[in-house]
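Student: predicted model, plus sequence, below.
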Amino acid sequence: MNESIELLSVAVSVFVATDIDDFVLLIALFGSGKFKPTSIVIGQLLGIGLLVVVSSVAAIAALSIRPGWTNLLGFIPLAVGIRGAITWFWHSRRDEVDDVMFSKAFGRSEVLTVASLTVANGGDNLAVYIPLFASSAADIPMYFTVFALMTLLWCLLGRLLVSHQTIASLIQRYGKVLVPVVLFGLGLRILSGAFVLLQ
């Protein structure tokens with residue numbers, strides 16, 4: 001029971017940490033008036049789903065490697081967290097969402113456009129998902145389910161907060177502080193499994 005709660009908390013924490021910037025993007029998409037809400041939700045689910053599938057395939061491929069070695073992938077989220085902390089410390093600034101992002105990347109398909117924006121915006125997600133999934137491949141279905149539910153929650157909150165740009169700005173600003181801390185902790189958690197290599 002405690003292990004299930006721990007896995008659930010890890011899944012939620014990882015999603016929040018890797019998708020805070022995506023949440024700000026969602027608010028901008030809902031606020032742009034250029035996309036139907038249903039297209040944003042479906043596109044977001046497709047984009048996150050693709051990131052999870054790619055990460056799962058890469059993680060499962062890594063299972064042929066001796067146990068312990070895949071845990072060394074924990075250096076990736078650790079490095080991303082350190083980089084994020086350095087970037088926040090030296091270049092703390094508010095990122096603006098470019099209107100160019102709202103142009104239809106796939107003709108008239110709003111869903112594919114939103115999905116492509118989600119994937120492009122979630123490049124760093126792969127660096128976190130792959131080592132996490134490789135360290136506990138049996139839990140991938142649980143992660144997939146939690147990420148899908150959290151994506152729907154993200155869309156709902158983004159829709160509700162679309163008129164509150166001040167709140168979106170605060171989330172973006174303080175998210176830059178939270179993300180490195182969560183990724184640093186996640187990296188250490190994954191790396192702990194590499195101690196078997198010392199035995």
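Tutor: Received it, and whenever you're ready, just let me know what you need.

Student: how close does residue 134 sit to residue 32?
Tutor: 37 Å (Cβ to Cβ, to the nearest Å). Where C-beta positions appear, they are placed from N, C-alpha and C, glycine not excepted.

Student: name the residue in these two with the higher neighbour count.
Tutor: The residue with more neighbours, out of residue 134 and residue 32, is residue 134; 26 against 14, by other Cβ atoms under 10 Å.

Student: residue contacts, the residue nearest to residue 30 when sequence neighbours are not counted?
Tutor: Among residues not flanking residue 30 along the chain, residue 162 sits closest, at 4.3 Å (Cβ to Cβ, 6 or more residues apart in numbering). By Cβ atoms under 8 Å, 6 or more residues apart in numbering, the contact list for residue 162 reads 27, 30, 31.

Student: what does residue 133 give?
Tutor: 55, 56, 58, 59, 60, 139, 140, 143.

Student: check which helices and strands the longest helix belonging to the chain sits against.
Tutor: Counting by DSSP state H, the longest helix found in the chain is helix 2-32. When contacts are defined as 3 or more Cβ pairs under 8 Å, 6 or more residues apart in numbering; DSSP states H and E, helix 2-32 packs onto helix 37-61, helix 110-121, helix 123-135, helix 140-160, helix 165-191.

Student: name the residues that touch the first one?
Tutor: Surrounding helix 37-61, the residues in contact under the criterion Cβ under 8 Å, 6+ apart are 19, 22, 26, 29-30, 70, 110-119, 122, 125-126, 129-134, 137, 140, 143-144, 147-148, 151-152, 154-155, 159.

Student: quick one, which of these are buried?
Tutor: Taking 16 or more other Cβ atoms under 10 Å as the criterion, what is buried in the contacts of helix 37-61 is 19, 22, 26, 29-30, 70, 110-119, 122, 125-126, 129-134, 140, 143-144, 147, 151, 154-155, 159.

Student: measure residue 114 to residue 8 for me?
Tutor: Here residue 114 is placed at a distance of 27 Å from residue 8 (Cβ to Cβ).

Student: no no, residue 181
Tutor: 19 Å.

Student: output the lowest mean pLDDT helix or strand found in the chain.
Tutor: None of the helices or strands of the chain scores lower by mean pLDDT, DSSP states H and E than helix 165-191, at a mean of 66.

Student: residue 136 and residue 51: what is the separation?
Tutor: Taking Cβ to Cβ as the measure, residue 136 falls 17 Å from residue 51.

Student: neighbour count: these two, which is higher?
Tutor: Higher neighbour count among residue 136 and residue 51: residue 51, with 22 against 15, using other Cβ under 10 Å.

Student: on the pLDDT front, check the more buried one for me.
Tutor: For residue 51, the model assigns a pLDDT of 91.

Student: ditto for the one 3 residues further on
Tutor: For residue 54, the model assigns a pLDDT of 88.
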